[in-house]
Structure formats: structure tokens, C-alpha cells
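> Could you work out the structure for the sequence below:
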Amino acid sequence: MSNLAHQLSSEGPAELPRAEDLDRALRDASPSEIIATALKTVGRDRLALVSSFGTESAALLKVMADVDPAILVFFLDTGWLFEETLAYRDTLIATLGLRDVRSIKPAEEALKREDPERELWFSDPDACCRIRKVEPLARALAPFGGWINGRKRFQGGARAAIPVVEADGVRLKFNPFANVSRQDIEAIYAQAKLPPHPLAASGFLSVGCMPCTSRTSPDEDLRAGRWRGRPKTECGIHTMQTS
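From the prediction side, this is the model:
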């Protein structure tokens with residue numbers, strides 16, 4: 001555990017520190033140290049990890065479980081997920097002993113109002129992501145002081161320069177895997193004998209909602225199969241600040 005985490009452990013959760021100060025202190029910390037510090041800084045009752053249970057999700061969930069398997073995990077169930085992803089969620093809950101995984105679903109009134117024919121993903125994918133991911137997550141995170149996610153700099157695009165800790169409205173956002181490499185992820189899977197996502201062997205290197213996810217060839221960027229043929233590269237939960 002980092003010196004900062006030890007200090008916070010003795011003092012207990014209080015007013016949240018500045019994201020810039022935490023980022024500076026944790027710049028070279030390991031993922032487990034970052035998660036432990038997030039836990040001590042924010043407190044278990046005000047900290048959540050958000051996971052898609054996608055092709056690389058098991059690595060972060062494993063590190064989290066080794067720190068504290070009772071940390072709350074939010075899972076965005078958009079209504080468009082692959083059945084394989086739902087099954088993988090259940091597999092990882094059992095494999096890692098996760099104690100508190102909660103599914104978040106879009107508001108029924110929003111679906112009826114904006115996507116009654118379930119075709120919004122085609123005509124306006126940004127709006128589809130907003131009502132199925134961004135708004136549900138914002139509601140879920142409202143009472144929390146911090147959240148953890150699995151973005152990595154090696155994924156490129158808008159993620160290439162993410163800090164370890166950043167401000168997200170009134171809360172802190174922790175990116176414990178910001179510094180990890182693809183090889184680090186593979187090593188976590190191998191050492192812990194983690195099960196792969198069922199679709200990974202079929203060429204789905206990054207799995208999101210079924211209509212907007214396609215297979216990726218080995219010479220393509222890891223996330224090339226997401227929203228293929230469109231300028232869109234993010235669902236919105238990492239580009240729009242929650243309040």
C-alpha cells in the first residue's frame with residue numbers, strides 16, 4: 001500500500017483531496033495501490049467500480065477483488081448486450097467472489113419516448129448511448145464520491161493521455177490501469193487463470209452492445225470494431241462529466 005493510502009487509512013475518509021494531487025501521488029503506483037488508495041480516500045460506501053464485463057474486464061475485477069471483493073460493481077445492462085456478455089458477468093462473479101454487482105438499466109420512460117422502435121442505435125448512436133449508458137450511470141453515481149474504471153492509455157484515441165486520477169464533476173475518477181500494457185493484462189489473465197470472454201476467440205477484441213460491435217482483425221486497433229464506419233469512438237460515459 002502506498003504511503004498516501006496508509007495516511008488515509010489512519011485518518012479515515014474526509015473531504016476529498018484534489019484530483020491533481022492524487023494523480024501526482026499515484027502516478028507510478030500499481031493498480032492495486034491505486035484501488036486501495038481510492039478505497040481509503042472515498043470510503044467503501046461511496047466508491048463504485050464500473051465494468052462492462054468485456055474482453056479485458058476480468059483483469060481489473062481480479063485486482064479489485066484482491067483488494068476488497070465487497071467494493072460495489074456497477075454493470076450497465078443496456079438491453080442490447082450479447083447473451084455471452086451476460087453469461088460472462090455471472091461467470092466472473094462466481095470465479096472472483098464478487099460480493100456486490102448491481103445491474104443498471106435505462107429508464108423505461110426514456111426508451112419509450114426516444115427509442116420506441118429500438119432503432120436509435122442506427123439513426124443516432126450518440127443518443128442511444130446517452131439514454132442507455134450515460135444517463136443511467138449518472139443517476140447511479142449521484143450519491144458516490146468516486147468511481148473506478150478500466151481505461152488504458154494503450155487503447156489509443158482519447159484514452160492515450162488519461163491521468164491516473166481525474167475530477168469528474170463533484171467526484172473522483174480513478175483509472176488504475178492507465179499505465180498498464182497489453183502484456184500486463186495478458187499476464188494477469190495467465191497468472192490468475194481467468195476465463196476469457198466467450199466472444200474473444202471469435203475475433204471480438206472489444207465487446208459492447210450487439211448492434212454496434214463487430215469483429216476486429218489482428219492488424220487493427222483494439223477498439224476498431226466499436227461503431228465501425230462511424231467517427232464515434234466512445235459511448236459517452238468517459239467524455240461527459242457527471243454532476
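> roughly how far apart are residue 220 and residue 105?
Computed as Cβ to Cβ, to the nearest Å, the residue 220 to residue 105 distance reads 31 Å. Quick note: C-beta positions are derived from backbone N, CA and C, even for glycine.
> dump the residue contacts of residue 102.
72-75, 140 (Cβ atoms under 8 Å, 6 or more residues apart in numbering).
> roughly how far apart are residue 69 and residue 142?
24 Å.
> Sketch out the low-pLDDT regions of the protein for me.
For the chain, the stretches with pLDDT under 70 are 1-14, 156, 158, 223, 225, 227, 232-243.
> Can you show me the strands along it?
For the chain, the strands defined by DSSP state E occupy 47-51, 72-76, 101-104, 146-148, 165-168, 171-174.
> contacting residues around the residue nearest the centre of the chain?
Closest to where the C-alpha atoms of the chain average out (Cα atoms, centre = their mean) is residue 149, at 3.5 Å. Contact analysis of residue 149 by Cβ under 8 Å, 6+ apart lists 49-50, 173-175, 238.
> right, and out of these, which lies closest to residue 64?
Lowest distance from residue 64 to the contacts of residue 149 (Cβ to Cβ) belongs to residue 49, with 5.6 Å.
> List the residues that contact that closest one.
If a contact means Cβ under 8 Å, 6+ apart, then residue 49 has 60-61, 64, 71-74, 147-149 as its contacts.
> again, 7 Å this time
64, 71, 73, 147-148 (Cβ atoms under 7 Å, 6 or more residues apart in numbering).
> same deal with residue 145?
16, 42, 46-47, 171-172.
> gap between it and residue 171?
Separation of residue 145 from residue 171 (Cβ to Cβ): 5 Å.
> in the chain, which spans are helices?
Under the criterion DSSP state H, the chain contains helices at 3-11, 19-26, 31-42, 57-67, 83-96, 108-114, 120-123, 125-129, 135-141, 182-192.
> rewinding a little: and the residue nearest to the centre of the chain, how far from residue 124?
25 Å.
> Let me see the contact set for residue 27.
Contacts of residue 27 (Cβ under 7 Å, 6+ apart): residue 164.
> rewinding a little: include distance to residue 184 when you put the strands of the chain into JSON lines, please.
Putting the strands of the chain into JSON lines (distance: least, Cβ to Cβ, whole Å) gives the following:
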{"stretch": "strand 47-51", "distance to residue 184": "18"}
{"stretch": "strand 72-76", "distance to residue 184": "21"}
{"stretch": "strand 101-104", "distance to residue 184": "24"}
{"stretch": "strand 146-148", "distance to residue 184": "17"}
{"stretch": "strand 165-168", "distance to residue 184": "19"}
{"stretch": "strand 171-174", "distance to residue 184": "17"}
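> okay, stretch 51-69 in CSV with CA atoms only?
This file holds the C-alpha atoms of stretch 51-69, laid out as CSV (Å, rounded to 0.1, in the frame of the first residue of the first chain):
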residue,chain,number,x,y,z
SER,A,51,-17.4,-2.6,-15.5
SER,A,52,-18.7,-3.7,-18.9
PHE,A,53,-17.7,-7.3,-18.3
GLY,A,54,-16.0,-7.1,-21.7
THR,A,55,-12.9,-8.8,-23.1
GLU,A,56,-10.4,-7.2,-20.7
SER,A,57,-12.7,-6.6,-17.7
ALA,A,58,-11.6,-9.7,-15.7
ALA,A,59,-8.1,-8.3,-15.1
LEU,A,60,-9.4,-5.1,-13.3
LEU,A,61,-12.0,-7.1,-11.5
LYS,A,62,-9.4,-9.5,-10.3
VAL,A,63,-7.1,-6.8,-9.0
MET,A,64,-10.1,-5.1,-7.3
ALA,A,65,-11.2,-8.4,-5.7
ASP,A,66,-7.8,-8.9,-4.3
VAL,A,67,-8.0,-5.5,-2.6
ASP,A,68,-11.6,-5.9,-1.4
PRO,A,69,-14.2,-8.1,-3.2
